[in-house]
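Student: got a predicted model here, sequence first, then my questions.
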Amino acid sequence: MPMMIRPFPLIAAVLLFALLTPSCGGTPSGENAGTVAPVTEATLRAGFARVDVTPAVPVKLAGYGSALFSESACRWSTGVHDPLFAQAMAVEDRQGSAVILIVLDNVGTITNEIVEIQDGIARELGIEAKHVLVSSTHTHHGPDTIGLWGVILPPESGRQEDVIDGIVRGAIRAGVDAWNGKVPARLEYGTGEESRVHFNKVFEDPDRVICTLTSNCLANSSATAWQAKGSLEQ
């Protein structure tokens, strides 16, 4: 019988930022120093895992435009500069509220693969698939996982299904390993400003006009980073 766990939306949202941040210990760097609020008691169990999902074959790179007439004109990878990973964080509190966060080094993940990852982890662990969240780093240094960067005429997708299958398997493995590796942990968070790296778009226009760096919409560069600390500090 599947194990019933309750949603953990708040921690899911903020911890997703932690997975995308190389280091979030102490006070975030930036124009203004942030504040750090430690939690001194281990109220959670947290686990982490990372699986290398770097394709073993040349791939059509995502985000560099489509080709005409022949896939030979697509932008192909010529080697590996840095590996691509499926990263996972699993968090569970004392009441059994839990979430598994998956972050993939790719340009984006379509619904079919998201559902496949969620269902695969749910089957392995006996949890509900809705407690598995899947996101992407949106790197353009990885394979075409969407299908947009293939050939225009004749129409040919840029996806290579064997590569996609490997990413899905890696994501499932990372989620399962993170869950099975949970240890007592506590959360710490820090807030600060860093305008050199990012900005947050704030939409107040009811028509949700696109906000750009030069438009007059509200924007700020605040960032919040969380880390879970236990016997495994990551």
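Tutor: Now that the structure is in, tell me what you want to look at.
Student: helices or strands up against whichever helix or strand Val51 is part of?
Tutor: Assigned by DSSP states H and E, Val51 belongs to strand 44-52. Judged by 3 or more C-beta pairs under 8 Å, 6 or more residues apart in numbering; DSSP states H and E, the packing partners of strand 44-52 are strand 85-93, helix 161-180, strand 183-193, strand 222-230. (Each C-beta comes from the backbone N, C-alpha and C, glycine too.)
Student: what's it in contact with?
Tutor: Strand 44-52 has contacts (C-beta atoms under 8 Å, 6 or more residues apart in numbering) with 83-94, 170-171, 173-187, 228, 230, 232, 234.
Student: buried subset of those residues?
Tutor: 84-93, 170-171, 173-179, 182, 185-187, 228, 230, 234 (16 or more other C-beta atoms under 10 Å).
Student: show me where pLDDT drops low in this protein?
Tutor: Low-confidence segments of the chain, defined by pLDDT under 70, span residues 1-42, 197-220, 230-234.
Student: so which of the helices and strands packed on strand 44-52 comes closest to Ile152?
Tutor: Each of those was scored for nearness to Ile152 using C-beta to C-beta, and the closest is helix 161-180 (19.9 Å).
Student: report all helices and strands that that closest one contacts.
Tutor: Counting contacts by 3+ C-beta pairs under 8 Å, 6+ apart, the secondary-structure elements packed against helix 161-180 are strand 44-52, strand 85-93, strand 98-104, helix 111-125.
Student: can you list those in CSV and add distance to Ser66?
Tutor: Listed next are the helices and strands packed on helix 161-180 as CSV, based on distance: least, C-beta to C-beta, whole Å:
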stretch, distance to Ser66
strand 44-52, 28
strand 85-93, 26
strand 98-104, 22
helix 111-125, 21
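Student: let me know which of those is the nearest to Ser136.
Tutor: Using C-beta to C-beta, those put strand 98-104 closest to Ser136, at 5.0 Å.
Student: mind listing what the closest one pairs with, with the direction of each?
Tutor: strand 85-93 (antiparallel), strand 132-136 (parallel) (DSSP bridges).
Student: can I get stretch 130-146 as PDB, trimmed to CA atoms?
Tutor: Taking Å, rounded to 0.1, in the frame of the first residue of the first chain, the C-alpha atoms of stretch 130-146 are listed here in PDB:
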ATOM      1  CA  LYS A 130       2.600  14.600  -6.600                       C
ATOM      2  CA  HIS A 131       5.300  15.000  -3.900                       C
ATOM      3  CA  VAL A 132       8.000  14.800  -6.500                       C
ATOM      4  CA  LEU A 133       8.900  18.200  -8.100                       C
ATOM      5  CA  VAL A 134      11.000  18.300 -11.200                       C
ATOM      6  CA  SER A 135      12.900  21.400 -12.500                       C
ATOM      7  CA  SER A 136      15.600  22.300 -15.000                       C
ATOM      8  CA  THR A 137      18.600  24.600 -14.800                       C
ATOM      9  CA  HIS A 138      17.900  25.800 -18.400                       C
ATOM     10  CA  THR A 139      21.500  25.300 -19.500                       C
ATOM     11  CA  HIS A 140      22.200  25.700 -23.200                       C
ATOM     12  CA  HIS A 141      25.200  23.400 -22.800                       C
ATOM     13  CA  GLY A 142      23.200  20.200 -22.900                       C
ATOM     14  CA  PRO A 143      21.100  18.100 -25.300                       C
ATOM     15  CA  ASP A 144      17.900  19.200 -26.900                       C
ATOM     16  CA  THR A 145      15.300  17.800 -24.500                       C
ATOM     17  CA  ILE A 146      12.400  19.800 -26.000                       C
END
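Student: thanks a lot, catch you later.
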